[in-house]
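Trainee: how would this look folded up:
(2 chains)
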There are 2 protein chains.
Amino acid sequence: MSTTASARVPQEERTRVMRQRLMEATVELLVEKGFSGTTTTLVSERAGVSRGAQLHHFPTKNDLVVAAVSHLTEKRGAELARAAARLPKGRNRTEAVVEMLGEHFASPVFTAALELWVAARTDAALLEAVAPLEHRVGRETHRLTVQLLDVDESKPGVRELVQATLDLVRGLGLANTLGDDARRRRGILTQWARTLDAALTTSTTKEST
Amino acid sequence: MSTTASARVPQEERTRVMRQRLMEATVELLVEKGFSGTTTTLVSERAGVSRGAQLHHFPTKNDLVVAAVSHLTEKRGAELARAAARLPKGRNRTEAVVEMLGEHFASPVFTAALELWVAARTDAALLEAVAPLEHRVGRETHRLTVQLLDVDESKPGVRELVQATLDLVRGLGLANTLGDDARRRRGILTQWARTLDAALTTSTTKEST
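Mentor: Okay, the predicted model is just below:
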């Protein structure tokens, strides 16, 4: 290994760590102070990164927030995949899947994403970066849900029931940001899991009628 | 009628109209520019009311926004009641109820409320005013939905299915603010109405088993 190569590796690693610290500070601040309260000054302070270094990596607040969205997206994906791996098989599978999604959409990761969605609604430059990411995450979450529920989307109504499940947990996540409680959410999701099981069975048996 | 009384009535009416113009301008600006883009200067310009008169009625942005939330609440209630009166009876009632709720949560009124909810999440003074109102609106919407669906909440699972329906339309409303389309929403709600009808029938017949 040449001297140049061995010197470059630690530098790349330092840069990677610094960028990650900046993005995680951004996500934390989005949760704590909202989009408008998240300033680049607060981010550099929270991350312990100099203003100069921060401006080098992310010249504007939008650059920082867009990078944080990507980071957030990966974090959301990894969180869901970890939770999915712990799910039980068998009879209570649907309830476990639905509860896992409910918890995911009540997490700080959802809150940070909500701040971005709402800010992007009235900020064209931000929307351009957030919308494609959000569509991609939406598709991946849908695909994961179909796989976890082990359902066949070619059957009539199944696709809509999966989408309804995801829109339901999104609505519960939004209510949760204003201080809703986990008990209410659990009651709703338990009942929805029962209803979903019954509806999916009907969809499946419909074929033979 | 004394001269004093007849002079007071037009003055009261002028004040009422001015306050209403200020609150409606606030709601419009929340939809167009978001919470942080809604400034008191823009509101007085939009409403065509002098800064002095505006400051007399609403000394701070929070005063203005809190009054606009109350105004919004009444507007939401009146909108829903009007839509409810136009609903068909009979077989397709559930689908019509669910679609009406879906349209309501995709309207500009929902968007303005969303801006307030999200801002209130990280603004304690605003939260204090928004949370009780939101709970009241939530209870009223729930009561209206139970009445429109003509269901009995003492039956097991019925209350949770009504709540799930409202959380679903809230989730669809949130997706709609990022440019979701009405066609997707309609497909989901049609399937949801079928599922809800089947589940509510099961809940009702469960009593006799």
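
Trainee: Look through chain A and tell me its longest helix.
Mentor: helix A:3-37 (DSSP state H).

Trainee: averaged over its residues, what pLDDT does that one have?
Mentor: Mean pLDDT, helix A:3-37: 87.

Trainee: How about it, which residues are buried there?
Mentor: A:18-19, A:21-31, A:33-35 (16 or more other C-beta atoms under 10 Å in any protein chain shown). C-betas here are computed from N, CA, C, even on glycine.

Trainee: Repeat that for stretch A:134-153.
Mentor: Buried, per 16+ other C-beta under 10 Å, within stretch A:134-153: A:134, A:137, A:138, A:141, A:142, A:144, A:145, A:148, A:149, A:151.

Trainee: In helices only, show me these.
Mentor: A:134, A:137, A:138, A:141, A:142, A:144, A:145, A:148, A:149.

Trainee: Put together CSV for those, with pLDDT on each row.
Mentor: Listed next are those as CSV, based on pLDDT from 0 to 100:
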residue, pLDDT
A:134, 84
A:137, 85
A:138, 88
A:141, 90
A:142, 93
A:144, 92
A:145, 94
A:148, 93
A:149, 93
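
Trainee: The residue of chain A found nearest chain B: which element?
Mentor: Per C-beta to the nearest C-beta, residue A:171 is where chain A lies closest to chain B, at 3.1 Å. With elements taken from DSSP states H and E, the one containing residue A:171 is helix A:158-177.

Trainee: now residue A:103
Mentor: Residue A:103 belongs to helix A:93-104, assigned by DSSP H and E.

Trainee: Now that helix: average pLDDT?
Mentor: 93.

Trainee: now could you export just the CA positions of it as PDB?
Mentor: Presented in PDB, the C-alpha positions along helix A:93-104 are these (Å, rounded to 0.1, in the frame of the first residue of the first chain):
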ATOM      1  CA  ARG A  93     -48.700 -12.700  12.300                       C
ATOM      2  CA  THR A  94     -51.000 -10.100  10.900                       C
ATOM      3  CA  GLU A  95     -51.500  -8.400  14.200                       C
ATOM      4  CA  ALA A  96     -47.700  -8.400  14.800                       C
ATOM      5  CA  VAL A  97     -47.100  -6.900  11.300                       C
ATOM      6  CA  VAL A  98     -49.700  -4.200  11.800                       C
ATOM      7  CA  GLU A  99     -48.400  -3.300  15.200                       C
ATOM      8  CA  MET A 100     -44.800  -3.100  13.900                       C
ATOM      9  CA  LEU A 101     -45.900  -0.700  11.200                       C
ATOM     10  CA  GLY A 102     -47.900   1.300  13.800                       C
ATOM     11  CA  GLU A 103     -44.800   1.600  16.100                       C
ATOM     12  CA  HIS A 104     -42.600   2.600  13.100                       C
END
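
Trainee: any bit of it sitting next to chain B?
Mentor: No. Helix A:93-104 lies apart from chain B when judged by C-beta under 8 Å from any C-beta of the partner chain; the minimum separation is 10.0 Å.

Trainee: What is the neighbour count of residue A:128?
Mentor: 12 (other C-beta atoms under 10 Å in any protein chain shown).

Trainee: Is the helix or strand containing it in proximity to chain B?
Mentor: Residue A:128 belongs to helix A:124-149 when elements are defined using DSSP H and E. Yes. Helix A:124-149 comes into contact with chain B (C-beta under 8 Å from any C-beta), by way of A:127, A:130, A:131, A:134.

Trainee: Spatially central residue for chain A, please.
Mentor: Closest residue to the average C-alpha location of chain A: residue A:76 at 3.8 Å, with C-alpha atoms, centre = their mean.

Trainee: Next up, the contacts around that one.
Mentor: A:104, A:109, A:113, A:137 (C-beta atoms under 8 Å, 6 or more residues apart in numbering or on different chains).

Trainee: among those, who's most crowded?
Mentor: Going by other C-beta under 10 Å, residue A:113 tops these with 23 neighbours.
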